[in-house]
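Enquirer: Here's my sequence, what's the structure:
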Amino acid sequence: MFRTILLAVSLMAQQQTAPAPAFDVISIKPDTSGSMAMRLNIAPGGTFRADGVPLKLLMQEAYDVKESQIIGAPAWFNTDKYNIEARADEATAEEMKHLDPDKRKDKMMLMIRSLLVERCKLAVHQETKDMAILSLVVAKNGPKLKASAPPDMATADPGSAPGPGAGPNGPRRGMRMGRGEVHGNSAGMEMLANILSRQLGRTVVDNTGLTGTYDFDLKWTPDENQGQMFRTPGGDAGAAPPPVQTAGPTVFTAIQEQLGLKLESTKAPVAVWVIDHVEKPSAN
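Expert: Predicted structure coming up:
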């Protein structure tokens, strides 16, 4: 949530001092394939691609929010699907190659916002509403989390080769997720809460008080509406989700049994984006 607020402040500041960053070339076409597959890909060098994606998901990506945080969307905004290809100009692409991953992602999010404004005439404003959320807390018997090894321990053997996804100082911090599963590698609880928010379509807030990083595996049986799109390690949102399984623990049971954590329903002020105006993009 704090990341979303900071990004909103960044966008407003740029609007006051300079034009917001934007793509140089944009192609938007209705997706008529009938496929259930959806994919989002942010490639190095300022290139963005979306396949079979409704604008609702594009806005979720651009504003780093959950579905419940978008208010006032017309029905077609949630259902009509599009194939989108966009790329930055050469100067912007070269600049983005030298940004750290977080700043690169923030710039790309601002560019996707500009795409929505330019091609869909999107106009929004932000409000705060009391909404039902899920609070991630430590369960009664304590956490069942494995603390991540320090970077120097991960590379203690000079003769060993780094594993998949490893960086110069050991395994990279991050998560992999599929439908009904999350795998953490040197990941913090705020990151887990953000991933669960995307998986469950509800705002999840980290109230565990745990400040370390951990390695863990979490698996549960998703509801039919959970995990309609998921992101793979390479940055893609996954293709068609696998069939829903009928046996297995719910996410509430799995988190408590496997991680020693708990999801509690509560209410809290949540930042939401209200759509004032939006139009269907013209095909090209």
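Enquirer: Can you show me the helices along the protein?
Expert: Assigned by DSSP state H, the helices in the chain fall at 2-17, 55-63, 75-79, 90-97, 101-120, 151-154, 189-200, 251-254.
Enquirer: if I pick the closest residue to H277 other than its chain neighbours, what's in contact with it?
Expert: In space, H277 comes closest to A123 once its chain neighbours are excluded; the distance is 4.3 Å by Cβ to Cβ, 6 or more residues apart in numbering. C-beta: built from backbone N, CA, C; applies to glycine. Contact analysis of A123 by Cβ atoms under 8 Å, 6 or more residues apart in numbering lists V117, I275, D276, H277, V278.
Enquirer: and the residue nearest to K121 when sequence neighbours are not counted, what are its phi and psi?
Expert: Nearest in space to K121, with sequence neighbours left out and distances taken as Cβ to Cβ, 6+ apart, is E279 at 4.6 Å. Main-chain torsions, E279, degrees, to the nearest 10: phi -130, psi 150.
Enquirer: hang on, the earlier thing: please check the contacts of A123 and keep the buried ones.
Expert: With burial judged by 16 or more other Cβ atoms under 10 Å, the buried subset of the contacts of A123 is V117, I275, V278.
Enquirer: which of the helices of the chain has the lowest average pLDDT?
Expert: For those, mean pLDDT drops lowest on helix 2-17, to a mean of 47.
Enquirer: how much space between the residue nearest to H277 and A149?
Expert: Distance, A123 to A149, using Cβ to Cβ, to the nearest Å: 48 Å.
Enquirer: follow-up on the earlier one: take the contacts of A123 and write them to JSON lines, including distance to A193.
Expert: Formatted as JSON lines, those follow (distance: Cβ to Cβ, whole Å):
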{"residue": "V117", "distance to A193": "29"}
{"residue": "I275", "distance to A193": "25"}
{"residue": "D276", "distance to A193": "29"}
{"residue": "H277", "distance to A193": "32"}
{"residue": "V278", "distance to A193": "29"}
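Enquirer: Out of the residues you listed, which is nearest to K81?
Expert: V278 (15.5 Å; Cβ to Cβ).
Enquirer: Could you list the residues in contact with stretch 86-99?
Expert: Contacts of stretch 86-99 (Cβ under 8 Å, 6+ apart): 21, 23-27, 44-49, 104, 107-108, 111-112, 115.
Enquirer: Identify each buried residue in that stretch, please.
Expert: Per 16+ other Cβ under 10 Å, stretch 86-99 contains these buried residues: A86, R87, A88, T92, E95, M96.
Enquirer: Can you name the two of these that sit furthest apart?
Expert: Top of the distance list for the buried residues of stretch 86-99 (Cβ to Cβ): A86 and E95, 16.2 Å.
Enquirer: Just give the nearest non-adjacent residue to P74, would you?
Expert: Closest to P74 by Cβ to Cβ, 6+ apart is V278, at 6.9 Å.
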